[in-house]
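**Student:** Provided below for reference: sequence and predicted model.
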Amino acid sequence: ADGRPSMAVPLSEGDIGMCRQAFAQFDLDGSGAISAHKLRQALASMGQDLSVEEIFDMVALVDSDGSGVIEFPAFLKVIEMQRQKTAQREDQNDAIDAFVALGGKEDLSGRISIARLITVINEFGLTIDIEELTKDTDDMADRSGTVDFRGLKKMLSDAIEDEDED
């Protein structure tokens with residue numbers, strides 16, 4: 001949603017083994033491929049309840065040969081995409097929690113004090129160079145000393161990217 005391409009969340013060997021078991025449960029004819037309907041059942045068995053539309057969108061993304069079925073490697077891509085969506089939702093929820101805790105409104109309106117944000121980051125001993133990030137935030141152009149939700153989310157996203165580069 002922020003314009004960057006989604007990066008898939010890599011699966012561990014244990015995850016791949018669990019995926020292989022789930023896939024095998026629904027590949028009843030042993031063809032090595034499952035239909036969109038079976039994909040939905042397999043994902044439901046793994047705790048992922050998706051709409052029919054979401055399933056067909058996923059199949060369209062990973063069904064490179066247009067057969068309408070997916071093989072195991074494509075199934076793993078679906079699982080990685082689902083994990084990425086979950087991680088993005090968790091990141092969004094964390095940003096909302098931080099915004100509200102710092103005095104923003106639950107409807108994401110209002111602004112929070114950058115000085116308070118800097119104090120909290122430093123009190124928690126986080127290694128984010130928040131002073132640098134606050135200077136770079138577009139919302140600081142008005143020099144109000146406050147930031148809205150979008151600006152806070154951008155700062156947190158930039159901080160994560162900076163950590164990943166280190």
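**Tutor:** Structure received.
**Student:** average pLDDT across the top helix by length along the chain?
**Tutor:** For the chain, the helix with the greatest residue count under DSSP state H is helix 72-101. For helix 72-101, mean pLDDT is 88.
**Student:** centre of the chain versus that helix, how much separation?
**Tutor:** 3 Å (CA atoms, centre = their mean, to the nearest Å).
**Student:** What strands flank the next helix or strand after it, and is each parallel or antiparallel?
**Tutor:** Per DSSP states H and E, the first helix or strand lying C-terminal to helix 72-101 is strand 112-113. Strand 112-113 sits in its sheet next to strand 146-147 (antiparallel), going by DSSP bridges.
**Student:** show me the contacts for residue 94.
**Tutor:** Residue 94 is in contact with residue 156, counting by CB atoms under 8 Å, 6 or more residues apart in numbering. Just so you know, the C-beta spots here come from the backbone N, C-alpha and C atoms, and that holds for glycine as well.
**Student:** Which stretches in this structure count as helices?
**Tutor:** 13-26, 36-45, 52-62, 72-101, 114-123, 130-136, 149-165.
**Student:** out of these, deepest packed?
**Tutor:** helix 36-45 (a mean of 18; mean count of other CB atoms under 10 Å).
**Student:** Give me the contacts around that helix.
**Tutor:** Residues contacting helix 36-45 (CB under 8 Å, 6+ apart): 22-23, 25-27, 34, 49-50, 52, 55-56, 58-59, 68-70, 75, 78, 82.
**Student:** Centre of the chain to that helix, how far?
**Tutor:** On CA atoms, centre = their mean, the centre of helix 36-45 falls 21 Å from the chain's centre.
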